[in-house]
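Asks: Any chance you can model this:
(2 chains)
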Amino acid sequence: MAGAAAPGYDFGIPAAVSWGRRPWEDTIFMEQYRRIQTGKKGDIHLVAFKDKKILDDTVLDEIRSELTQLIGKASGPDLLLDFGNVEFMSSAMLGLLGQLHRKISAGQGRLKMCSIRPEIFQVFKLTNLDKLFSIHKDAPTALATFT
Amino acid sequence: MAQQLDGSAPARGVDVVIAEDSRMQARMLIRRLEEAGHTVRWGETGGQALALVRERRPDIIVSDIEMPEMTGYEFCKAVKTDSALRTIPFILLSTLADPIDIIRGLDAGADNYVTKPYEPEYLLGRMQSLLATPLESADDGAAAMLEVTLAGQKFRVKAGRQQVLNLLVSTFENAVAKNQELVVANQELSVARDGLQKSNEELSTANAEISRINAHMLRDLKAAAKVQRSLLPAVDVAIPGTSVAWRYVPCQSLAGDFLNVFRLDDEHAGLFVVDVSGHGVPSSLMAVTVGRFLTPKVSDQSLLVRQGPDGRVAVARPAEVATQLNRLFQADEFSGLYFTLLYGVLHLPTGRFDYCSGGHPPLVRVPAGGGPPEFHAMESFPIAFVPDVEYEQRTLQLAAGDRLFLYSDGVPEAMDKDRNPYGDDAMAACIAAGRTAPIEAGVQELLEAVERWCQPVGPLDDVSILGVEWRP
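Replies: Next up, the predicted model:
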């Protein structure tokens, strides 16, 4: 650390790293989307929803177009959706997930979901979609099932 | 300006002393004067400049007013009271923030004012005109004590005739210059105003257009709402051997919910509740489209009844209806919309109830013989969600006096202000409590209970309730 950072600007990043691949590069990459955060683990696309509430049609349309943009780039992608932030979700979101499921299945990809809180899981259960979708407790558990 | 008046060529190479305490302004002024071919000496204070003047007599002096040590007025007075220097033209650079500045300048013996901020060309013009009309030493004799009243104050000023004239001209020229600036500013303002007016007009036009489109859309919405109401049961729906009651409260003018109950033929009644995902125009358009297929009138479109080969009406099995609907509506055609459906056919003579659910909340039966309301859930996907699903159906044998309740998820999932759902248990308790009252009252009580639960904002989802009592 010694003397590498400008005085008063200690980001706690070792000098050797800061001149190489910066740790926040991923974060910058993620910011290209408004509604979703994206990352990659091997060939698996990771998507986390930024919104606490997915109720509004406008929010839904933006999520739809951002996911389409993401999936459009990959052929037969593996996709993990993380619902950890989501506290409320409209039934219309299920329709979007259904579209996504068909699209990904058609391309020989796999769609999995994780970190769905009980109130929202109830929405899946009421419509029996918990049996259609591959739903897991958390991201590590879900990622392990992709192999 | 002045040089245009006398028509003489600009004086080149005169000797100038400037007094200016701002280094930056001094540097700019020096550069400009030197570019015009003059020799410039610079004093940072009035005192320094006076020393320069005494060291070698300049042709003209340009001085700022606000300076430490010796102000421009004091510097000017020192020059003008020195008989050897008095005839050197003296230009004061003033902000002229106060009319008294003119008196002060006059009293100090200044020949000319240039108001700051100034264009260098303007100052050069002034220098030119002053140099063209040299101060007569004889003018000294004409110097007289003048009494001037300005802003309620009397001033006694000693000034020569030529000096007063020069100062007067410079003040006038300043005023003219400022006036021109004002005129230009006014023109710019006028242009800006015209632009603003144009923008305003465009805005008004756009607003009128929005109003027009809005009115148009409102008309369309009203028409659509009317079409949607036609999906609901007839007001005087009467089916022999049954009591029927229903409530339907859309949360917006257009709803994704709809329900109906009707006779299919002499022996059968059909009843359903449909809940299209989402709200508003897209959902209601899908509801209307779905509704066209769920009609008890024999037609090419009806999935519920068709003309049998023997000419009699054949009633379709509920599972077949759901499977057909799923085939007809695939989500992509409706940008991700889907719907849940509970459809049942009641055989009026026997009380046999065949039903099929497409991802819909459970059917509730209230047994006439007592006991708690039963929830009959079916595991199935919503319609238009998964392609090529074969839906299954169930059968309930009703006893005389049994009641069935069909509803949309807007009932059990209605949220209070803390977002707690009304819930299956509360719904069952409410339905059970109303079992001895007529079914009309029971259905009404359930609606009111949901609305009470959602106070103060009211339900955020469409609420549909359909109750049927079988009493052969």
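Asks: contacting residues around residue A:49?
Replies: By C-beta atoms under 8 Å, 6 or more residues apart in numbering or on different chains, the residues touching residue A:49 are A:35, A:36, A:37, A:63, A:81, A:82, A:83, A:85, A:86. Just so you know, the C-beta spots here come from the backbone N, C-alpha and C atoms, and that holds for glycine as well.
Asks: In stretch B:258-273, which residues are buried?
Replies: B:258-264, B:268-273 (16 or more other C-beta atoms under 10 Å in any protein chain shown).
Asks: now the closest residue to residue B:419 other than its chain neighbours: how far from residue B:231?
Replies: Spatial nearest neighbour of residue B:419, excluding adjacent residues (C-beta to C-beta, 6 or more residues apart in numbering or on different chains): residue A:88 at 7.4 Å. Here residue A:88 is placed at a distance of 29 Å from residue B:231 (C-beta to C-beta, to the nearest Å).
Asks: In terms of neighbours, single out the busier of the two.
Replies: residue B:231 (21 against 16; other C-beta atoms under 10 Å in any protein chain shown).
Asks: CA-only coordinates of stretch B:353-367, as CSV, when you get a sec.
Replies: C-alpha atoms of stretch B:353-367 as CSV (Å, rounded to 0.1, in the frame of the first residue of the first chain):
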residue,chain,number,x,y,z
PHE,B,353,-70.2,-31.0,-10.2
ASP,B,354,-67.3,-31.5,-12.7
TYR,B,355,-64.6,-28.9,-12.6
CYS,B,356,-61.2,-28.0,-13.8
SER,B,357,-58.6,-25.5,-12.5
GLY,B,358,-55.9,-23.9,-14.5
GLY,B,359,-53.6,-22.6,-11.8
HIS,B,360,-56.6,-21.0,-10.0
PRO,B,361,-57.1,-20.7,-6.2
PRO,B,362,-59.0,-23.7,-4.7
LEU,B,363,-62.8,-24.2,-5.0
VAL,B,364,-64.6,-23.9,-1.7
ARG,B,365,-67.5,-26.1,-0.8
VAL,B,366,-69.7,-25.3,2.2
PRO,B,367,-71.4,-28.6,3.2
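Asks: Briefly note if that stretch comes near chain A.
Replies: Yes. Shown here: stretch B:353-367 in contact with chain A (C-beta under 8 Å from any C-beta of the partner chain) through B:359, B:361.
Asks: what is the rounded mean pLDDT of that stretch?
Replies: If you average the pLDDT over stretch B:353-367, you get 96.
Asks: Next, give phi and psi for residue 104.
Replies: With no chain named, the answer covers chain A. phi -70, psi -40 (degrees, to the nearest 10).
Asks: Identify the residues contacting the most centrally placed residue in chain A.
Replies: With distances taken as C-alpha atoms, centre = their mean, residue A:47 lies nearest the centre of chain A, 1.1 Å away. Taking C-beta under 8 Å, 6+ apart, we find residue A:47 in contact with A:36, A:37, A:38, A:67, A:70, A:79, A:80, A:81, A:82.
Asks: Secondary structure element holding it?
Replies: In this structure, residue A:47 sits in strand A:44-49 according to DSSP states H and E.
Asks: Residue B:63 too?
Replies: Counting by DSSP H and E, residue B:63 is part of strand B:60-64.
Asks: Residue A:97 too?
Replies: Assigned by DSSP H and E, residue A:97 falls in helix A:91-106.
Asks: ok, residues contacting whichever helix or strand comes after that helix?
Replies: Once the chain leaves helix A:91-106, the next helix or strand it forms, by DSSP H and E, is strand A:110-114. Strand A:110-114 is contacted from outside by A:78-84, A:97, A:100-101, A:104-105, A:133-139, A:141-142, A:145-146, using C-beta under 8 Å, 6+ apart.
Asks: State the phi and psi torsions of residue B:469.
Replies: phi -110, psi 130.
Asks: so how far is residue B:155 from it?
Replies: For residue B:469, the distance to residue B:155 - C-beta to C-beta - is 108 Å.
Asks: was I right about residue B:75 contacting residue B:62?
Replies: No. Taking C-beta atoms under 8 Å as the definition, residue B:75 is not a contact partner of residue B:62, at 11.0 Å.
Asks: the more surrounded of those two?
Replies: Counted by other C-beta under 10 Å, residue B:75 and residue B:62 do not tie: residue B:75 has more neighbours, with 30 against 26.
Asks: how close does that one sit to chain A?
Replies: 48 Å (C-beta to the nearest C-beta, to the nearest Å).
Asks: Tell me, how many residues neighbour the residue nearest to that residue when sequence neighbours are not counted?
Replies: Distances taken as C-beta to C-beta, 6+ apart place residue B:46 nearest to residue B:75, at 3.3 Å, with adjacent residues excluded. When neighbours are defined as other C-beta under 10 Å, residue B:46 has 26 of them.
Asks: ok so, going back, so what strands line up beside the strand holding residue B:63?
Replies: strand B:15-19 (parallel), strand B:90-94 (parallel) (DSSP bridges).
Asks: ok, residues contacting that strand?
Replies: Contacts of strand B:60-64 (C-beta under 8 Å, 6+ apart): B:14-22, B:25, B:29, B:46, B:49, B:53, B:72, B:75-76, B:79, B:88-93, B:123, B:127, B:130-131.
Asks: Now the element after that strand, going C-ward?
Replies: Following strand B:60-64 toward the C-terminus (DSSP H and E): helix B:72-80.
Asks: starting at the chain centroid, how far to that following helix?
Replies: Distance, stretch centre to chain centre, for helix B:72-80: 61 Å (C-alpha atoms, centre = their mean, to the nearest Å).
Asks: Point out the other helices and strands that it packs with.
Replies: Where contact means 3 or more C-beta pairs under 8 Å, 6 or more residues apart in numbering or on different chains; DSSP states H and E, helix B:72-80 is packed against helix B:46-55, strand B:60-64, strand B:90-94, helix B:100-108.
Asks: Mean pLDDT and distance to residue A:126 for those - can I get that in JSON lines?
Replies: Formatted as JSON lines, these follow (pLDDT from 0 to 100; distance: least, C-beta to C-beta, whole Å):
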{"stretch": "helix B:46-55", "mean pLDDT": "93", "distance to residue A:126": "91"}
{"stretch": "strand B:60-64", "mean pLDDT": "94", "distance to residue A:126": "84"}
{"stretch": "strand B:90-94", "mean pLDDT": "88", "distance to residue A:126": "84"}
{"stretch": "helix B:100-108", "mean pLDDT": "80", "distance to residue A:126": "85"}
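Asks: Mind putting the ones you listed into CSV with distance to residue B:429?
Replies: Listed next are the helices and strands packed on helix B:72-80 as CSV, based on distance: least, C-beta to C-beta, whole Å:
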stretch, distance to residue B:429
helix B:46-55, 98
strand B:60-64, 92
strand B:90-94, 91
helix B:100-108, 91
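Asks: looking at these, which is closest to residue B:212?
Replies: strand B:90-94 (60.2 Å; C-beta to C-beta).
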